[in-house]
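# Here is a sequence together with a model predicted from it:
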Amino acid sequence: MPQELKKLSPEEQHIMLDVIPLITILVAGADGKIDAKELAHGEKITRIRSYDYHAQLKPYFQKVGENYTQRLQELIEELPDNTETRQEEISNRLSKINSILPKLDHTYAKLFYESLLTFAKHVAKSSGGVFGIMSINAKEHKVIRLAMLDPVE
């Protein structure tokens with residue numbers, strides 16, 4: 001477990017580790033169909049960030065990456081099939097970190113929050129556009145702001 005998360009309860013740690021796969025599903029399913037290309041790109045970004053990212057966050061992404069694919073599939077299976085209901089459920093789950101982030105070192109919490117925003121944007125860019133890259137559709141654009149999260153300033 002990343003050092004910064006060790007002071008959290010096991011339930012809070014679990015919530016924090018689910019954030020990345022949940023954001024992947026939120027973005028990948030924004031237009032009604034969970035896009036396999038976006039799911040794969042979420043895994044790729046997680047893997048890259050586990051070795052080439054801000055030093056404080058690498059351990060987090062390493063931990064998430066240990067069972068990313070398995071957890072992603074579990075979440076897809078347990079979440080509702082209906083797009084609107086699924087997006088609402090994911091938003092509710094993600095909003096739980098609003099009470100967790102203040103328990104963390106402020107610098108870490110700010111880096112973590114900012115990493116979630118860029119992660120969502122990278123997942124969205126993996127599908128669509130010219131030759132399937134670098135375009136974010138309107139529904140994805142709406143969700144990548146992660147409005148359910150309180151900004152950490």
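Cool, the structure landed. Not measured: the values here are computed from a predicted model.

# ranges for the helices of this structure?
10-28, 36-49, 58-66, 68-78, 83-95, 106-125, 138-143 (DSSP state H).

# Return the most buried member of these.
Burial of these is given as mean neighbour count (mean count of other C-beta atoms under 10 Å); helix 10-28 ranks first at a mean of 21. Where C-beta positions appear, they are placed from N, C-alpha and C, glycine not excepted.

# Remind me what that one packs against, helices and strands.
helix 36-49, helix 58-66, helix 68-78, helix 83-95, helix 106-125, helix 138-143 (3 or more C-beta pairs under 8 Å, 6 or more residues apart in numbering; DSSP states H and E).

# for the helices of the chain, which one sits closest to residue 4?
For those, the distance to residue 4 is smallest for helix 106-125, at 4.9 Å, taking C-beta to C-beta.

# what bits of this protein have low per-residue confidence?
127-134 (pLDDT under 70).

# can you do 90?
For the chain, applying pLDDT under 90 flags the ranges 1-2, 31-38, 124-142, 144.

# ok, and what's touching stretch 142-153?
23, 26-27, 30, 87, 91-92, 94-95, 97-98, 101, 106, 109-110, 112-114, 116-117, 120-121, 123-124, 136 (C-beta atoms under 8 Å, 6 or more residues apart in numbering).

# got a list of contacts for stretch 10-27?
Contacts of stretch 10-27 from elsewhere in the structure, counted by C-beta under 8 Å, 6+ apart, are 1, 5, 8, 34, 38-39, 42-43, 46, 60-61, 63-64, 68, 71-72, 75-76, 79, 86-87, 90-91, 93-94, 96-97, 100, 103, 116, 119-120, 123-124, 140, 143-144, 146.
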